[in-house]
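Chemist: This is the structure alone, sequence omitted:
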């Protein structure tokens, strides 16, 4: 039997008094709630009296040292600790010395398990085991997230009087040892549910119970019922009075690597948008058929001349790939540090940053740098591993969401998230893979409106999303809250809100509504949700078949405050119904098997004071709204796997892209793989534009590719109502819009219609994808674009009735206007565009040569 069989945490001497606790604590239970009243923990001493005195001293000064178990040398000590009735939860009461030695020799060979002896000057004191929950009985039993670390702890039976403070000191020392690794974001334990004494010890150092779980047999370990508990860094610090380590991912080495990464991207994207004109200094060797040369940019700031030199390769569409390791910074000719934030300050003139914009942009860069430090630690899966998956398509889908390291490929400051604190980051940033319960509020119908697709009433939606028991709990909460106010509890609508939004905005900004009970906080629902790359959208990890939830989040990120307009929510379902009917009746889209993940219901709340005091663009009108979007789970067939299209651009720590790994896994040559991808993605977009003047915002996060054996087979489109538009010019109307859908019609000059393809697809996605595939030797850039042109011509030939309109679009024109995203953010990083006139606010910087021209 393995040492993991029933092992979890400390096994104190009072276990004889243990009794099973009653009830199952909820995900939000306070520390210790799972332990029965009256359960106490008596401190214990180590097994050997000679070590006992030293351990007692260690209890006072925490002077424990950890070393790996030596299976041969430690076998007798481990046998004395483990093969006892005292350690019955360890699962080896009858093991021999030889059996225990063999077991720990086996564990020493595992890359997923570390057995450690904690010792003092007097000798061994206790045993700790640190393990990866993904390779244990916990695999698949809870929502794992990057940085989760399992801990087992065995405190030996004392042979004399108990030493006050020993078990607490030992537990704290073990936790400190785990958290000394900045990659350990959260500690997971699964003590036997009957071991109530250890539950009390766990709670004293900050563990929070998450509920009982029945663990299956695993690697020779018997099944058991356990109490799953988690320990966050913040809770450990609060429980023990230690300094916070929630920013453990920030250290000098990772910080410098982050600066080089972000500055390399900044130089490349600012050069692409012609904010900078790098001067070629010297050529270097050719790499993957593309010349690599050394360039420099210079600017004077506060009497100092700053010069940055770097090696880069240049690609089609004026794309620059800058080598981060090549970066050099000179101040008045003298070497200086490489600092992305300092670079922005020094080059604020060429970048056009105003005095008002500069500090906010520096802050956004700081947040982006910090997130990159976190990603260096936790995005450790290789592209090959991500492409292969685990066999669980939904778990793999969400693993990809958390694994991506770059964010938006064009924006330099793409992880700003101004407003989130350090702990908020760990709980709600998509790259942490965290899963959170959403808060719910009740809204009086006099200030709120529910809209939905035909046949979906509010109560039906709530029962499906919450379950009858939770819905009844919310009903009771509303009834109790409004008693005596004159408000009718039957007139309330319910909606989920982002936990940060409730705490930091709604409970403060909407305090009058809370006080008058027009807004009632209902608490959290049972399901756990994982934040997606769009940060305010959540995927249900507890019940993946349930809807996505998109919430308002008053956080500044990539040029916008990420709210949701209550007014827009009113027409959202109608727009989705209209799109569904159009897509479902179109023969070309049917052949391509395009599907929409509809936004089927929405609720928006209007505060009368803010409505009277502001115009429709005000952030105060976008603080309280939510929508429900269909899950992709029900759309998947056997052998199909969803993957956000953004993941194609993901590059792992070894410099390998997921797109290249998928191509190799598919067994197809790159050109054939691209044909499948383009037919699934690009061709439907061009068709919608040519036939209906219908444009989407088809960036990577808005498209879910459905893969089969690593090949893109079809696409699911999402984020529709806020992103879709019917672009007309001079009164031209290629499609009629119902009155409820009319807001998506936009007057855009005819020659700009095609920019929805040139900018959003060619420049903002293919520009990055083509060099990635070329760099790995799969296909040359010219061949990549040749396949793009060929698939568009094939579409034209297949649809002769649209050939005239296709030609009018000018997809094969010699050049197209360069629309600049970073220039927008540098101009106003709080409101890049007027959402009512997005086309009118764009910034152009010359033209780009069309890689499929001719």
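Modeler: Yes, it's here. As the structure is a computational prediction, the values presented were derived from the model and not from experiment.
Chemist: can I assume residue 443 is in contact with residue 495?
Modeler: Yes. The pair residue 443 and residue 495 passes the contact test of Cβ atoms under 8 Å, sitting 6.7 Å apart. The way it works is simple: take the backbone N, C-alpha and C, and place the C-beta from them, glycine included.
Chemist: So the two - more neighbours on which side?
Modeler: Between residue 443 and residue 495, residue 495 has the larger neighbour count (other Cβ atoms under 10 Å), namely 29 against 25.
Chemist: Next up, the contacts around the more buried one.
Modeler: 440-441, 443, 448, 603, 605, 625-626 (Cβ atoms under 8 Å, 6 or more residues apart in numbering).
Chemist: Could you tell me which residues touch both of residue 443 and residue 495?
Modeler: Joint contacts of residue 443 and residue 495 (Cβ under 8 Å, 6+ apart) are 603, 605.
Chemist: picking up where we left off before, from the contacts of residue 495, which ones fall inside strands?
Modeler: If you go by DSSP state E, those have 440-441, 443, 448, 603, 605, 625-626 in strands.
Chemist: Could you provide those in JSON lines, with additional columns for distance to residue 457?
Modeler: Shown next, in JSON lines, are the ones in strands among the contacts of residue 495 (distance: Cβ to Cβ, whole Å):
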{"residue": "440", "distance to residue 457": "18"}
{"residue": "441", "distance to residue 457": "19"}
{"residue": "443", "distance to residue 457": "16"}
{"residue": "448", "distance to residue 457": "15"}
{"residue": "603", "distance to residue 457": "13"}
{"residue": "605", "distance to residue 457": "19"}
{"residue": "625", "distance to residue 457": "19"}
{"residue": "626", "distance to residue 457": "17"}
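Chemist: right, and out of those residues, which lies closest to residue 169?
Modeler: residue 440 (41.5 Å; Cβ to Cβ).
Chemist: where do the helices sit along the stretch 601-750 of the chain?
Modeler: Along the stretch 601-750 of the chain, the stretches classed as helices by DSSP state H, counting those that start in this stretch are 608-613, 658-666, 670-680, 682-692.
Chemist: To clarify, my last question referred to the stretch 1-150 of the chain.
Modeler: 49-61, 75-82, 97-108.
Chemist: Check which helices and strands the shortest one sits against.
Modeler: Packed against helix 75-82, as judged by 3 or more Cβ pairs under 8 Å, 6 or more residues apart in numbering; DSSP states H and E, are the following elements: helix 97-108, strand 123-131.
Chemist: got the contact list for the first one?
Modeler: This means helix 97-108. 2-3, 68-69, 71-72, 74-76, 78-79, 82-83, 92, 95, 113, 115, 129.
Chemist: neighbours of the residue lying closest to residue 681 once chain neighbours are set aside, just the number please.
Modeler: Nearest residue to residue 681, sequence neighbours excluded (Cβ to Cβ, 6 or more residues apart in numbering): residue 715, at 5.5 Å. For residue 715, the neighbour count with other Cβ under 10 Å is 26.
Chemist: and the gap between residue 715 and residue 509?
Modeler: 39 Å (Cβ to Cβ, to the nearest Å).
Chemist: Kindly report the same for residue 435.
Modeler: 27 Å.
Chemist: neighbour count winner among the two?
Modeler: Legend: neighbour count by other Cβ under 10 Å for residue 435 and residue 509, higher for residue 435 (22 against 16).
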